[in-house]
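# Here is a sequence with its predicted model. Questions after.
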Amino acid sequence: MAVTKVVMPKLSEAMESGKIIKWLKKEGDRIQGGDILAEVETDKADVEMEAFGAGVLRKILAPAGETVPVGVLIGVIAEPGDDVAALIASAPAPAPPSAAPATTSAAGAAPARAGAPALAVAAPSTPAPTPAASPRPPAVAPVPMRPSPVTSAPAAAVAAQPSGGRVKASPLAKKIAAQTGVDLRLLQGTGPGGRIVRRDVETAGAAPAAMRAVPDAEFEDRPLSQMRAAIARQMPLSKAPVPHFYVTNEVAMDRAWELREELNALEGQPKISLNDLVIRACALALLQHPGVNASFRGDAIRVFHRAHIGIAVALEEGLITPVLRDCHAKSLAQIAVESRDLAERARVRKLRAQELSGATFSISNLGMFDVAEFSAIINPPEGAILAVGSVRRVPVVDEAGLGVGRRMALTISCDHRVMDGAMGARFLQDVKRLLEEPLRLLI
Amino acid sequence: MNHKVDVAIVGTGPGGYVAAIRCAQLGLTVGVVEDDRPGGVCLNWGCIPTKALLRNAEVVSLLGRAAEFGIRLSGFEVNYAEAVQRSRRVADRMAKGVEFLFRKNKITLFPGRGTLTSKSVVEVKGTSGVETLEARAVILATGSEPKSLPGVAIDEKTVISSTGAVRNERAPKSLAIIGAGAVGVEFADVYAAYGVQVTLLEALPRIVPLEDEEVAKELTRTFTRRGITVKTGVKVASAKPGGPGLVVETDDGKLEVEQVLMAVGRAAKVTGLGLEAVGVQLERGFVKVSPLMETSVKGLYAIGDMAGAPLLAHKAMAEGVVAAESIAGRAPRPLDYGNIPSCTYCRPQIASIGSSEARAREQGRDVTVGKFPFTASGKAVALGETEGFIKVVADKATGELLGVHIVGPEATEIIHEFAVGRTLEATLEEIIHTIHAHPTLSEAALEATLAALGQAIHI
């Protein structure tokens, strides 16, 4: 029967090894796909490690407290009758840390879809290492021009359908989805254990159809133009590894400020922060400017069809950027609820692995620190990051003369290999327009 | 003396003691402050002693029906004082249970009255002097007290509250109960079973006004049959000494009774706690709290009756867990206030969850309603308890369980299958695919659900 190798998963882009905090299952326990096997401490967060196969946890090879490189066998799940002696004897057989995730995730995802995991692994699929960080760019050359949705699906999508395409959703959510035409597979549940519940379907259903109608594929790879290829060759030499440029604009926030106050006076509605308005504006603008929602892939520009926005959260010991997925399809209320949840869990280091990777764009907001403006460093392989300053009351001159207005500076840092100044400026203009005519954020 | 704890909790009712135990479970040191016995109104003066009295009323009424079961009694005597004494023993036992749980969880009890001197310091004035508790977080759980009407002062002699009624060992000959909510109808049941001439006065158009209209109608019918006078849409102007004890003046004439029981609702106990000094905001007489039970002052939490409606012990307990886990950094799931069961323990019992049929229709829902009477339930007939019905209100298109309303035997136990169902977002379909054991009263839940789909078998 199925023997499932449990390996140290690669839970973030930069993760090379993980420390087992504790095993939540012990040898001899019966395991089902999706059970939490252990808690793992990574460089970024304490993460729960899910089982991808079913059977009995036959052997634990790495006890609690041990630090194990990514890809190394730490346990075996199998049926009681299965012979696992050889497998256990072969351990430790650490796979090369950089190569392991790519191969194991592909192997794990395919059988999972077929419904009978023959060789499932605990490692969620993560994007291949960024070429910018890789010393040998040709290593990523075999990336297919149109990768199949399965191998490129973000971890979240995999998690939502652990096996056999089963979607974890409440009966009511399923019925409402069937009646309103919402595809449950595209939703991220906010119920216990990521279960999709009524409100998830209702908020998705409330999003305008145009916004939800994105292609099935996660992204498309567009061939580089001659000029782009030239820029791509030249720019890293001027500022390695990612050539940044910066565009700053100032936004009149008076109307957004008022709108937010009105929204927050509504009883029973989640409290909206200024950052939620910025996230929403960026999500809408990214749909209009896919060139900004893009990543440099060495021989191609990968343009993402969905806006997965990383939200920088300051922690005492540093910074973490959890990812709010599918922002383009989320209402302001949904963004408010989910971003607060992410930030709160980021602060207590309780983020799940799939919430730490897969951003296509990031926002860093230092508004709470009374910052006039600043510029942020791009988080590769993303193509851009927006730095948000404080909303300040400043003297403004308009037709009526001298008055007081609320102003906020936005600075976008762009990867010059992906885009040029005008593209960044046009994107920023749209973000500004959305925030200055904030009713657009509610449509 | 000054004590340092992680969490100080003022009040040990169901909110306070549950919060204390949950905090202790999460590894926090806890000091609790109480100026009465642990357990609060619920254990000492509310839920628990009244359930003991209602059980007495049930036994008395069953004895009265002995012949129906082929049992010939040559007569029996009932003694109300002994019923009250029994209820006191029950309450004492439960309060001791809370004291035991405090010891087991190493929770320190500070007897006395607690007042905030800052957001993190509680001053306790006890019989043996003044102590202070300094805490990282404070949970306020002081509960509520009975309210009265203008023109009627509660003296706990002729005009009594529920607190007086549970202590009162002498039943009056005649009693007017002002307010026909849960408290009013439960005492009407108890006193009527012991031969008191009860008049139930309600200002709103029907008794148990928060329940579904059909439920109120059914209860009115059975109460009237048992000799309780039910007057609705009646406003009380005053209650003055006179006649056998009091003369109650209403807009519907005068009423002479020995005693009046005030059951018009409860008010949060928010005075004398030092709330103003630390800047805790109130809202309509209750402490304003966040979904995680934090007040407007960081690190200061409020739970239970004082933190707003519904004033129910089980809501307080659930809020206690949320506050405790929030303090321990556990990111708890906030309460779903739309999914709290409401239970009344008169006979027949009443239990409900979610929206009434009228409310669901007001909200513009296209509803389907299924109803099943206990007269058609084999178990109910065997028990000889056939009053009442189960009513299921669901969304026509999706089968969402919008509300369930039960009046009848063990209604308060049956309701939970619908509470679980609603939590899991089950629809009519999941309930009907759940096999219900036969013969049980819960089968009526299945049948009412089937009825909502036009598929009831036994009716």
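Everything's here; your move. Numbers count the residues shown, from 1 in each chain, chains lettered A, B, ... in the order given.

# Not counting sequence-adjacent ones, nearest residue to the closest residue to chain B within the stretch 301-443 of chain A?
Residue nearest to chain B within the stretch 301-443 of chain A: A:V348 (5.7 Å; C-beta to the nearest C-beta). All C-beta atoms are positioned from the backbone trio N, CA, C, and that covers glycine. The shortest distance from A:V348 to any non-neighbouring residue, by C-beta to C-beta, 6 or more residues apart in numbering or on different chains, is to B:G329 (5.7 Å).

# Name the SS class of the one you found, please.
Three-state call for B:G329 (DSSP: H, G, I helix; E, B strand; the rest coil): coil.

# any idea of the pLDDT on it?
Here the pLDDT value assigned to B:G329 is 93.

# and it, how many residues sit next to it?
12 (other C-beta atoms under 10 Å in any protein chain shown).

# gap between it and B:K119?
19 Å (C-beta to C-beta, to the nearest Å).

# same check, this time on A:G18
A:G18 is 40 Å from B:K119, by C-beta to C-beta.

# if we can go back for a sec, wait, the residue of the stretch 301-443 of chain A closest to chain B sits on B:A328?
No. A:V348 is beyond contact range of B:A328, at 10.5 Å (criterion: C-beta atoms under 8 Å).

# With neighbour numbers in mind, choose between these two.
Remark: of A:V348 and B:A328, B:A328 carries more neighbours, 18 against 13, as counted by other C-beta under 10 Å.

# State the pLDDT value of the residue nearest to B:P409 when sequence neighbours are not counted.
Among residues not flanking B:P409 along the chain, B:E385 sits closest, at 3.7 Å (C-beta to C-beta, 6+ apart). Per-residue confidence at B:E385 stands at 97 (pLDDT).

# B:E385 contacts B:S377, doesn't it?
No. The pair B:E385 / B:S377 is not scored as a contact, 9.3 Å apart, by C-beta under 8 Å.

# So for those two, which sits in the more crowded spot?
Neighbour count, other C-beta under 10 Å: between B:E385 and B:S377, B:S377 has more, with 27 against 19.

# rewinding a little: please identify which of A:G18 and B:K119 sits among more neighbours.
Between A:G18 and B:K119, A:G18 has the larger neighbour count (other C-beta under 10 Å), namely 27 against 18.

# Quick check: the gap between the residue nearest the centre of chain B and B:C47.
With distances taken as C-alpha atoms, centre = their mean, B:L312 lies nearest the centre of chain B, 4.9 Å away. Distance, B:L312 to B:C47, by C-beta to C-beta: 9 Å.

# any idea which helix or strand carries B:G227?
Assigned by DSSP states H and E, B:G227 falls within no helix or strand.

# mind listing what the closest residue to it other than its chain neighbours touches?
Distances taken as C-beta to C-beta, 6+ apart place B:A192 nearest to B:G227, at 6.4 Å, with adjacent residues excluded. Contacts here follow C-beta atoms under 8 Å, 6 or more residues apart in numbering or on different chains; on that basis B:A192 touches B:57, B:198, B:223, B:226-228.

# how about the helices of the stretch 201-350 of chain B, start to end?
Here the stretch 201-350 of chain B has its helices, by DSSP state H, counting those that start in this stretch, at B:213-225, B:275-278, B:313-327.

# what's the closest of these to B:V90?
helix B:313-327 (15.3 Å; C-beta to C-beta).

# what residues does the closest one touch?
B:6-7, B:13-20, B:22-23, B:26, B:28, B:42, B:46-47, B:136-137, B:139, B:141, B:143, B:292-294, B:301, B:303-305, B:307, B:331-335, B:337, B:340-341.

# backbone phi and psi for B:R55, please?
phi -70, psi -40 (degrees, to the nearest 10).

# Show me what from chain B comes close to chain A.
Within reach of chain A by C-beta under 8 Å from any C-beta of the partner chain, chain B has these residues: B:329, B:331, B:333, B:397-400, B:424-427, B:429-430.

# hmm, try it at 6 Å
Chain B comes close to chain A at residues B:329, B:398, B:400, B:425-427, B:430, as judged by C-beta under 6 Å from any C-beta of the partner chain.

# Next, give me the two most distant ones among those residues.
B:G329 and B:T398, at 37.3 Å, using C-beta to C-beta across the residues of chain B next to chain A.

# now the helices for the stretch 351-459 of chain B?
Under DSSP H, counting those that start in this stretch, the stretch 351-459 of chain B gives helices at B:357-362, B:378-383, B:411-414, B:416-423, B:428-432, B:443-452.

# quick one: which of those helices is nearest A:D29?
Using C-beta to C-beta, the helices of the stretch 351-459 of chain B put helix B:416-423 closest to A:D29, at 26.5 Å.

# Give me the mean pLDDT for the closest one.
97.

# for it, which positions count as buried?
B:417-419, B:421-422 (16 or more other C-beta atoms under 10 Å in any protein chain shown).

# So what touches that helix?
B:339, B:341, B:353, B:401, B:404, B:431, B:445 (C-beta atoms under 6 Å, 6 or more residues apart in numbering or on different chains).

# Report whether B:V32 is found in a strand, as I expect.
Yes. According to three-state DSSP, the state of B:V32 is that of a strand.

# For it, which non-adjacent residue is spatially closest?
In space, B:V32 is closest to B:I9, 4.7 Å off (C-beta to C-beta, 6+ apart).

# show me the residues around that neighbour that make contact.
B:16, B:19-20, B:32, B:139.

# what domains does the record give for chain B?
B:2-145+B:267-337, B:159-264, B:348-452 (automatic domain parsing).

# Return the distance of the first one from the chain's centre.
Going by C-alpha atoms, centre = their mean, to the nearest Å, the spacing between the C-alpha centre of domain B:2-145+B:267-337 and its chain's C-alpha centre is 13 Å.

# how far does stretch A:170-189 stretch from start to finish?
10 Å (C-alpha to C-alpha, to the nearest Å).

# buried residues in it?
A:170-177, A:182, A:184, A:186-189.

# what's the closest of the residues you listed to B:E258?
A:L172 (52.9 Å).

# what residues are up against the residue of the stretch 151-300 of chain A at minimum distance from chain B?
Nearest residue of the stretch 151-300 of chain A to chain B: A:S170, at 3.3 Å (C-beta to the nearest C-beta). Contacts for A:S170 (C-beta under 6 Å, 6+ apart) come out as A:197, B:425.

# nearest spatial neighbour of B:Y345, skipping sequence neighbours?
B:L54 (5.2 Å).
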